[in-house]
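Visitor: need a 3D model of the sequence below.
(chains A and B)
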Amino acid sequence: MKIAARLTLPASMLVLGCLALLAASTATLAADPATAGLAGYANFQTLAERVKKLDEHPRVEVRSIGKSLEGRDLYVVVIGSKDAGQKDAAEKPDDRPAIVVMGNVTASHLLGGDLALAMCDDLLARVDNDEKIAALLDQYTLYVMPRPDPDGSEKCFDEPRHDVKGNARRTDDDRDFATGEDPADDLNGDGLISWMRVEDPTGKWIEHPADSHLMVEADRSKGEIGRYSVYPEGKDDDQDGSLNEDASAGVSLDQNFPHRYQAFANLTGEHAASEPETKAIIDFLYDHKNVVAVLTLGTDDNVFHPWKANQQAESQRIAQHIHSADAPLQEFLGGELKKLHGGNDCPSREPTAGSFSQWVYFHYGRWSLVSRGWWVPPMPAKPAAGDMASAEPAKQPEQPASTQPVATSADVATAGTENLKPADEPKPKPDGDKKPETTPPAKLAKKGSDDNRLETERNEMRYLASRGIATSTDWKTVEHPDFPGKKVEVGGRIPLATVVPPIEDLKPLATKHVDFLKLMPTVLPEVKLGEVKAENLGGGVVRIAATVVNSGRLPTTSRMGEITRQHQQLQLELLLPQETKFLQGSMRRGVGRVEGSGGNKTITWLVRFDKEVPSKIGMNLFAPTLPTVSVEVPVTPAVGAAPTEPAVLPASEAK
Amino acid sequence: MTTTPPFVSRFARVLPYPTLLRMAQPMFSKSLSLALTIALLTLVAHRTSAADPKGYVAQGAPSNPKVKAVWNKYHDYAESTRLMRDLAAAYPEFAKLESAGKTYGDREMWVLTVTNFAKGDAHSRPAMWIDGAIHANEIQATEVVLYTAWFLLESRASNEMVKRLLDERVFFLMPMMSPDSRDAHFYEPNTTHSPRSGQRPQDDDNDGRVDEDGPDDLDGDGSITLMRVRDPRGNLKADPEIPGRMIPVKPGEKGEFRIIGQEGIDDDGDGDVNEDGDGFYDPNRDWAWNWQPKHIQNGAHRYPFSILENRHIAEFITKYPNIVGGQSYHNAGGMILRGPGAKSDTFEQSDIRIYDQLAEHSSKILPGYRYINIANDLYEVYGGEIDWMHQVRGMFVFSNELFTPFNFFRTSGHEGIFGSSETQYLFDKYLLLSEGFSPWKEIDHPQYGKVEVGGMRKNWLRQPPSFLLEEECHRNMAFTLYHADELPLVKISEVSSVDLGGGVKQITAVLENPKICPTHSAIDVKRKITRPDLVTLVGENLKVHTALVSDEPLFTEPREQVRKPAEVKLDRIEGRGVVYVRWIVSGGEKLEVQLSTIKAGSDRKTVE
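Guide: Okay, the predicted model is just below:
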């Protein structure tokens, strides 16, 4: 068996490609299909070893928050203050405000998990020499969950290599009351489930005129005549007339969360949060009221494509759009990461129905940012003269690429006139979910004399070939029991080969994401008590007034955080004896949401002391998502007549 | 007869033995009652040789049950458990008691399976799920389910319809969906409305402290009522007609009282009273259909089935795909509810027509009850139990809101779910002899000084009083048994064979479902919830050439089944529907047609 590098490259590109390969590490030179594109990525065993290694650091505590269906641990790497990893830590990591870094909720997007681990390595490598990292970890706890779907991700390392969509749940994908009765098959024994084309005068498909590894639908208007039917590689295992219709693909966690959950659809599970992994994540997050924000390393980017508000729809009972009060702030957060990351051509993908990232914002009520991290940069097929830099992608390894591992429309055959039908492939859903990803055509290589169909895929293949990664194989004839007497060939694109960047790209990517986290202490809400007064009005009566000021950029919770009622309140508590009489107010007062950038609220009490009026009064300002503030205020004689003040004056909002 | 005192024989003529005994007990001293019992036993023994072996039997409840039960009282968790254990022990061939799992408070989630096990196991025949009191304060819901279990088992021997139902159907009865809170309602101070939730602690006010300040029973009457203060400028005054009741003052009129809230003190000393009691999560907003979080649907917990008890129930129901009908009992207001719970949700039109037919006689069986849709006629519910049953399991299921204000004075036109304040008080005054109301008592309140505590007790407003309880149980059971009897039930009514010559035969089978419900609801077919019905031709040396399906006997427009023609798959057989299946075969000896369904039973018939 031979894996073909992309040999259609012009000679000059080949030279550049070779240079690029030399410049890069040798790790990705593998032409072994079992590792094509995934070389160096951590399987579960490697991941577990790396996580245990991290656990040795004094700032780290590793927890398992549950088990997957197949019994793999769902690890959370807790990173915090100097002694966070010690049993006798002065302050427990759970008692401080926290940021979650979520790895690959989508099983096959291995980048997410490895990038999360690389961020842990980078943080700990730099913490002693970088004041900002030290400040971040001294003030905030990080919960890093590298691999939320360990069973699904592990399938990426299966032999034969196949497209991976869900966890280990046994599912009846075609809802025919038999489970996994007809998966795809590796017919040519090359360790890959790739594609299969059958010579067929009624078929709709032809070879791509510029790339024999790709199949395109014949364009009859241009006089093209179909020659092939195309199927995923496999045979009709259960002899029911359908080909590869039920591989029992499992449940995709990114479609199993309760926001906009879609029931009775492929990959979504029996019901919202039906999977042990989903439940463990939700329970962990609800149990950790200290979480302020979640950074997901996923493909439904909202750093380059911020969610759009829709003010008209805000009165609806079930919100579908980011709140207009939150949208500018999410855009601001994303903008900071975008600046650090560079580039402006990140492919867009709408969050799926039931996605994790939207659940974080819409149900959990926390800031939710999704960074894709990497995508294939545009790569001209023929480098223009004097444009060498842009033609040498190896020097911009941080600008790389992926597509979803799902088959693109070009790969998917529809039934020809054969009796055999191909399995249903994911199709765009009516509500617009799961639209195939697109890179804007303008961003891609200009077409030369070339046919520009499937340019996104061809760009990926071109780029990864330049990085030494094979993404497709030659067509090879096989004997096929379901197509007797017909020419059947297996080949084409290699599954999962374009999902992740070469492993050596991760380190600089991790640094950029850690640099983003370094900004958090100046961005996240920070409350202080501004003016605090305790005036003795005589007769044992004391009027207490305290102004809470938020000097952070973000409000104390997002507007959606307030709507969801999933935040523990920001409270101001007086430290007074139980028997204190309150003429107005009570011992603990909820402060409510305080806007950022100097937003403030004033709380007042009237208290009466039967005996002696104390000389000073202590108070605590606290919420799990904010550092606790304690002050003591002296009780002073009242100046002049008592002013009249409402109980709670939201100074910043009083108009 | 000569050995019997004359007064006993007079009673015995008009009343069955147990009723007589029940009546006799409070009437006489204990020893006299014992003597009477002996006398009665003699009487009964004596009468077995008489013309009517049962004595004079009142219609309705079984006259001589093996398991004695009274239906004018409420059963707590232990008593309900004992009753079900006794029934299962008395009728081992017809009842089986099992637990679907443990609750948060370590109680059992009892399911009593009632069927004639001689006719097949609990999977073999169409099943009816009947549950009660997912909101534990709705306590009579449990009684209806217990009564149904008792009635089915105790009446089977004497009632032909019950006998047939147990032969044809399987009943799964879960009287206590929230047993922890049932005991909390019985034995802790509560209102008639609490606890609706389970007993898991919950931080309702998001202050980081859990259940730190619930209501308190300050006057020690076992109920949480109201607190009022005397206030000449208050907005309420005493009702001159009904003692205890307060009515709003008219503009310009002098007031007497002001309500300051529910009975309780500031337990945690934070200056607020009763701000965080038993956790509020609603077990009936937790089901995995159209689930929404708490800011959209009040009472929702973390995610579908994040409440342990519901998870047990859902797993149990899912284990039995033959459960095709369902009934869930709640209170109050006299309603027969069907889904969907949310306006954005829909049921298939043909399924709604089935509900309409099942409910056709409901207003006769249940006077004062209205058959309505939850979303449009009551209020919107996301994540409700019966929506899950219909939309995910494909069942036909009703939820009855027990006890109607119609029952106060058997007049219609009462406002609201519990009737007007006036009718509540009048009923209390004239029918309950003022036992429903806990009179105002002055107490010293640590925060408010002198206050008065009083109001309706926890066992009145949502729950029928003793003399209406048995009727409530029986009428609702009757409605549900009608539903159970109209679940699908298939049969092969005819099989014929025609010789086509040359060793080729044409076999035709007529398959019928004479009941209201189809073998699969439309949503079941659409979502492929349970497998199609299978009509199989079996025989020795059989070669099936083709199979045809038709809706009429002449096969004018038949549908061909191309693959595996011997095993014909039918999406469903309609309610009161018929399907014709025809095979063209060669050879074949000892031919038999077999009909196998998940939800509608099975049948077989040999080809003559």
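
Visitor: and the residue of chain A nearest chain B?
Guide: A:Ser586 (2.3 Å; CB to the nearest CB). Placement of C-beta: from N, CA and C, glycine included.

Visitor: count of neighbours near that residue?
Guide: By the criterion of other CB atoms under 10 Å in any protein chain shown, A:Ser586 has 18 neighbours.

Visitor: same question, B:Thr556
Guide: For B:Thr556, using other CB under 10 Å, the count is 8.

Visitor: for B:Arg559, which non-adjacent residue is spatially closest?
Guide: Distances taken as CB to CB, 6 or more residues apart in numbering or on different chains place B:Val549 nearest to B:Arg559, at 4.8 Å, with adjacent residues excluded.

Visitor: which stretch of helix or strand covers the one you found?
Guide: Using DSSP states H and E, B:Val549 sits within strand B:533-550.

Visitor: what pairs with that strand, parallel or antiparallel?
Guide: strand B:559-561 (antiparallel), strand B:567-570 (antiparallel), strand B:577-596 (antiparallel) (DSSP bridges).

Visitor: need the ones you listed in a markdown table with mean neighbour count and mean pLDDT, can you?
Guide: Formatted as a markdown table, the strands paired with strand B:533-550 follow (neighbours: other CB atoms under 10 Å in any protein chain shown; pLDDT from 0 to 100):
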| stretch | mean neighbour count | mean pLDDT |
| --- | --- | --- |
| strand B:559-561 | 13 | 97 |
| strand B:567-570 | 19 | 98 |
| strand B:577-596 | 19 | 96 |
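
Visitor: so where do the helices sit in the stretch 201-350 of chain B?
Guide: Along the stretch 201-350 of chain B, the segments classed as helices by DSSP state H, counting those that start in this stretch run B:308-319, B:349-358.

Visitor: of all the residues in the stretch 301-450 of chain B, which one is nearest chain A?
Guide: Closest point on the stretch 301-450 of chain B to chain A, by CB to the nearest CB, is B:Tyr303, at 3.7 Å.

Visitor: surely that residue touches A:Glu275?
Guide: No - B:Tyr303 lies out of contact with A:Glu275 (CB atoms under 8 Å); the separation is 10.7 Å.

Visitor: the stretch 501-650 of chain A against chain B: which residues are in contact?
Guide: Proximity of the stretch 501-650 of chain A to chain B, by CB under 8 Å from any CB of the partner chain, involves residues A:563-569, A:571, A:578, A:582, A:585-588, A:590, A:624.

Visitor: what residues does chain B have near chain A?
Guide: B:203, B:205-208, B:269-272, B:288-289, B:291-296, B:302-306, B:391-392, B:527-528, B:531, B:563.

Visitor: now with 6 Å, please.
Guide: By CB under 6 Å from any CB of the partner chain, the residues of chain B that approach chain A are B:206-208, B:269-272, B:288, B:291, B:293, B:295-296, B:302-304, B:527-528, B:531.

Visitor: B:Val498: how many residues sit nearby?
Guide: 11.

Visitor: how about it, secondary structure?
Guide: strand (DSSP: H, G, I helix; E, B strand; the rest coil).

Visitor: can I get the strands paired with strand B:533-550 in TSV with distance to A:Leu110?
Guide: TSV is the format used below for the strands paired with strand B:533-550 (distance: least, CB to CB, whole Å):
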stretch	distance to A:Leu110
strand B:559-561	45
strand B:567-570	42
strand B:577-596	46
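
Visitor: what's the closest of the ones you listed to A:Met119?
Guide: strand B:567-570 (53.5 Å; CB to CB).

Visitor: what is the end-to-end distance of stretch B:330-342?
Guide: 19 Å (CA to CA, to the nearest Å).

Visitor: go through it and flag the buried ones.
Guide: B:330-342 (16 or more other CB atoms under 10 Å in any protein chain shown).

Visitor: now the helix ranked longest in chain B: mean pLDDT?
Guide: Identified as the longest helix of chain B according to DSSP state H is helix B:466-485. Mean pLDDT, computed over helix B:466-485, is 98.

Visitor: thought B:Gly454 was touching B:Gly436?
Guide: No - counting by CB atoms under 6 Å, B:Gly454 does not reach B:Gly436; the two are 11.8 Å apart.

Visitor: the closest residue to A:Ile79 other than its chain neighbours: helix or strand, and which one exactly?
Guide: Among residues not flanking A:Ile79 along the chain, A:Leu142 sits closest, at 4.4 Å (CB to CB, 6+ apart). Element membership for A:Leu142 (DSSP H and E) is strand A:141-145.

Visitor: repeat that for A:Tyr75.
Guide: Under the criterion of DSSP H and E, A:Tyr75 resides in strand A:73-79.

Visitor: give me the residues contacting that strand.
Guide: By CB atoms under 6 Å, 6 or more residues apart in numbering or on different chains, the residues outside strand A:73-79 that reach it are A:51, A:54, A:59-66, A:93, A:120, A:142-145, A:280.

Visitor: what's the helix or strand following that strand packed up against?
Guide: Heading C-terminal from strand A:73-79, the first helix or strand you meet, by DSSP H and E, is strand A:98-102. Contacts defined by 3 or more CB pairs under 6 Å, 6 or more residues apart in numbering or on different chains; DSSP states H and E place strand A:98-102 against strand A:141-145, strand A:291-297.

Visitor: please redo it, this time with the cut-off set to 8 Å
Guide: Applying 3 or more CB pairs under 8 Å, 6 or more residues apart in numbering or on different chains; DSSP states H and E, we find strand A:98-102 packed against helix A:110-126, strand A:141-145, strand A:291-297.

Visitor: for chain A, what's the nearest residue on chain B?
Guide: For chain B, CB to the nearest CB, closest residue to chain A: B:Gly271, 2.3 Å.

Visitor: quick check: mean pLDDT across the strand holding A:Leu142?
Guide: Mean per-residue pLDDT for strand A:141-145: 98.

Visitor: and that strand, what does it pack against?
Guide: Judged by 3+ CB pairs under 8 Å, 6+ apart, strand A:141-145 is in contact with strand A:73-79, strand A:98-102, helix A:110-126.

Visitor: partner strands of the shortest one and their direction?
Guide: In the sheet containing strand A:98-102, the strands it pairs with under DSSP bridges are strand A:141-145 (parallel), strand A:291-297 (parallel).
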